[in-house]
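*Asks:* sequence first, then the predicted structure:
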Amino acid sequence: MEKQKTKKFNLKVASSPENLGTIREFINDISLTAGFDSETAGQIELAVDEACTNVIKHAHNYEYNKSIELHVLLDTQKITIKITDRGLGFDVDKVVKPDLQKYIHEARKGGLGIHLMRSLMDEVQFEFNPGVKNQVTLIKYFKSSN
């Protein structure tokens, strides 16, 4: 049996809101080419956009001289996206699951990024070493055709 190869894609951009479109296009193109349907590709794109927006706002505090690195691994079972920065970290266990009814009632904006990532992706992992390397890993499995 032939060993399946993992495809790798990398993107490094300045940590700026202006680069979010480039990131979204990069992720959407890979997701569609890999075989995800357009709805799932859009979900992956949104999860990555939320993670990168969090890096820009919170880890880098809009310091555009810093960078965001995306490493995408694609195999026959899943897409794995690792988003890496060298900014500030946070304690993910202190992020409370939002009360969506209250959130809508109060017409709040922002603060749903981690909730969205966890809702849209199959796996979400966080590793923090502030100032050295922080990494968010997002995984989406292909639906089995059984």
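*Replies:* Okay, I see it. In this text, all values refer to a predicted model and were calculated from it rather than measured experimentally.
*Asks:* tell me the helix or strand right after the host helix or strand of residue 22.
*Replies:* Using DSSP states H and E, residue 22 falls within helix 20-34. As assigned by DSSP H and E, the chain's next helix or strand after helix 20-34 is helix 38-54.
*Asks:* show me the contacts for the closest residue to residue 118 other than its chain neighbours.
*Replies:* Ranked by C-beta to C-beta, 6 or more residues apart in numbering and with sequence neighbours excluded, the top spatial neighbour of residue 118 is residue 124, at 5.1 Å. All C-beta atoms are positioned from the backbone trio N, CA, C, and that covers glycine. Listed by C-beta atoms under 8 Å, 6 or more residues apart in numbering, the contact partners of residue 124 are 47, 114, 117-118, 136-139.
*Asks:* SS state for residue 68?
*Replies:* Under DSSP: H, G, I helix; E, B strand; the rest coil, residue 68 falls in the strand class.
*Asks:* now for the residue nearest the centre of the chain: which residues touch it?
*Replies:* Nearest to the geometric centre of the chain sits residue 48, at 2.7 Å (C-alpha atoms, centre = their mean). By C-beta under 8 Å, 6+ apart, the residues touching residue 48 are 23-24, 27, 70, 81, 83, 138.
*Asks:* returning to that earlier point: give me the element the residue nearest to residue 118 is part of.
*Replies:* Applying DSSP H and E, one finds residue 124 within strand 123-127.
*Asks:* check residue 72 too.
*Replies:* Here residue 72 sits within strand 67-74, counting by DSSP H and E.
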